[in-house]
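K.L.:
Pasting the sequence and the predicted coordinates here, then a few questions.
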Amino acid sequence: MLITAGPWAVRSFYSTRSGGGTPPPRVVKSSLNIVSAAPILIKLQRDCATPLPVLRHVADAMALDMRAGLKFDGGSDLKMILSYVDALPTGNEKGLFYALDLGGTNFRVLRVQLGGKEERVVATEFEQVCIPQELMFGTSEELFDFIASGLQKFAEKEGGKFQLADGRTRELGFTFSFPVKQTSIDSGILIKWTKGFAVSGTAGRDIVDCLNEAMKRKGLNMRVSALVNDTVATLTGARYWDEDVMVAVILGTGTNACYVERVDAIPKLHRAISTSGSGTTIVSTEWGAFSNGLPLTEFDRDMDAGSINPGEQIFEKTISGMYLGEIVRRVLLRMAEDATLFGNSIPEKLQMPFSLGTPDMCGMQQDSSKDLEVVGSILHDVAGVNSCDLRSRKIVIEVCDTIAKRGGRLAGAGIVGILRKMEEDSRGIVFGKGKGKGKRTVVAMDGGLYEHYPQYRRYLQDAVTELLGFEISKNVVIEHSKDGSGIGAALLAATNSIYPH
């Protein structure tokens, strides 16, 4: 997954993608043949439809692609990346551990004091630091020295409930949300920078070495003991509190999913991981690249064609917060052009790519006022719509709901695909058969889209229930794990500590 900030952070990100200027106003030519918006809406709903057969196909195709990706690298669209996490927290972990989350224009540092089975998490603290824009285009040494300085300042404030045992080096879990080829639990080669970064001197280098060397230059008594992505960290953080957690899904600006896999079910492993007797590891599916059998519209295809990665990340482009609002904008623009939805002129802002964000789309769907005043206000402020009667506002709501419904239901089908693959290999364990009364499988969810968009969340759950059936779905719990990735990285630092617990 390339982008992980919640959709409530999307607004500032979108603005960087919208180009240098505002397009000139366009006037719709009056015509007797102008059609109403209704046929456009009906076709959109038909093309976005996700009836049970479509959901079944997506779930089955997801499971097949997972198997193909586990056979060998490049076996399917899903990369099925090995995390090298072969031991999950048990609750016995004790001591002070740090986490660093680098995935965008800010980085976050966190510390946690663990007290073992009885006390669990004694205390946590975190700080967020903004990365100066010039460092995003600077050298590797400059960027990592800045990060190490932030870590150093944060470490200097430890005290009170946060105590490092005598003779120990501080240990850090490093959440790095850029493309990386992981080679062990504490090493990974940077493939490329994304999200506006263009740092020189890092491509092909071990990203952990870059940070460890910077901390050494700063005289900071700290080392990286675990390198993970945010989805793996989320699963780890949720698993610490609930041993039934088997899957984690991020639904924010971008999306990804990971799950606990049996080592003997990974043909491409070739003993690359030395398991600590657990026989399992976490696999990151990178499911944003999935594309098999998805119901797509002309608006999806046009958006994809104009993107920086045409033909790639199709699943992400249909279910994640980065794109849902943009699809809605494209539909509304067509309605404005062909059906005079907003009067006889085309609002200038509506012509700008990514001017309408998923938070705006969500906000409009929460409007319960009689005249849909919030819808009108958002359209005016964000899209520059000055003329919008109640009928037009209701059509806008229908468009938003259509795109949210498709996204949520497809995400739900993807989750079922993962669970079905696990079920087939576990001989009935995942869906609760043979587990005993009260046993369940938990899917930990994080990300602003899932957290803040209730309609999307409901559609996701509905799809899971429809696919699994009422009885089996009672054994599958989908629950929000807010900000689990931060503590999850620190827990992996503890699990992979060089010191005994």
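P.N.:
Yep, that arrived.
K.L.:
make it CA atoms for all contacts and neighbour counts henceforth
P.N.:
Fine.
K.L.:
how about the nearest residue to residue 72, chain neighbours excluded?
P.N.:
residue 268 (4.9 Å; Cα to Cα, 6 or more residues apart in numbering).
K.L.:
Confirm for me that that neighbour is in contact with residue 70.
P.N.:
Yes: proximity of residue 268 to residue 70 meets the contact threshold set by Cα atoms under 8 Å, at 6.0 Å.
K.L.:
Just want to know which of those two has more residues nearby.
P.N.:
Taking neighbours as other Cα atoms under 10 Å, residue 268 and residue 70 compare with residue 70 leading, 24 against 16.
K.L.:
what's the distance between the more buried one and residue 287?
P.N.:
13 Å (Cα to Cα, to the nearest Å).
K.L.:
go on, residue 462?
P.N.:
20 Å.
K.L.:
swap in residue 279?
P.N.:
24 Å.
K.L.:
Compare neighbour counts for these two and give me the winner.
P.N.:
The residue with more neighbours, out of residue 279 and residue 287, is residue 287; 25 against 15, by other Cα under 10 Å.
K.L.:
give me every residue that touches that one.
P.N.:
Neighbouring residues of residue 287 by Cα atoms under 8 Å, 6 or more residues apart in numbering: 1, 78, 255-257, 315-316.
K.L.:
Restricted to helices, list those.
P.N.:
315-316 (DSSP state H).
K.L.:
Please produce CSV containing the contacts of residue 287, extended by distance to residue 442 and pLDDT.
P.N.:
Formatted as CSV, the contacts of residue 287 follow (distance: Cα to Cα, whole Å; pLDDT from 0 to 100):
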residue, distance to residue 442, pLDDT
1, 21, 43
78, 22, 95
255, 18, 93
256, 16, 94
257, 13, 97
315, 23, 97
316, 22, 95
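K.L.:
Relative to residue 39, which of the contacts of residue 287 is nearest.
P.N.:
Taking Cα to Cα as the measure, residue 39 sits nearest to residue 315 out of the contacts of residue 287, at 26.2 Å.
K.L.:
any idea how far residue 65 is from the closest one?
P.N.:
The value you get for residue 315 to residue 65, if Cα to Cα is used, is 13 Å.
K.L.:
So these two - more neighbours on which side?
P.N.:
Set side by side, residue 315 and residue 65 show more neighbours around residue 65, with 24 against 21, by other Cα under 10 Å.
K.L.:
Now for that one: which residues touch it?
P.N.:
Residue 65 touches 76-78, counting by Cα under 8 Å, 6+ apart.
K.L.:
any chance of those residues in JSON lines, with distance to residue 140 and neighbour count too?
P.N.:
Output for the contacts of residue 65, formatted as JSON lines (distance: Cα to Cα, whole Å; neighbours: other Cα atoms under 10 Å):
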{"residue": "76", "distance to residue 140": "33", "neighbour count": "18"}
{"residue": "77", "distance to residue 140": "31", "neighbour count": "22"}
{"residue": "78", "distance to residue 140": "30", "neighbour count": "23"}
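K.L.:
Tell me the one of the residues you listed nearest residue 42?
P.N.:
Of those, the one sitting nearest to residue 42 (Cα to Cα) turns out to be residue 77, at 31.7 Å.
K.L.:
which residues of the chain score low on pLDDT?
P.N.:
Across the chain, the ranges flagged by pLDDT under 70 are 1-35, 271-277, 432-438, 501.
K.L.:
follow-up on the earlier one: switch the contacts of residue 65 over to a markdown table; also include distance to residue 230.
P.N.:
Shown next, in a markdown table, are the contacts of residue 65 (distance: Cα to Cα, whole Å):
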| residue | distance to residue 230 |
| --- | --- |
| 76 | 22 |
| 77 | 20 |
| 78 | 17 |
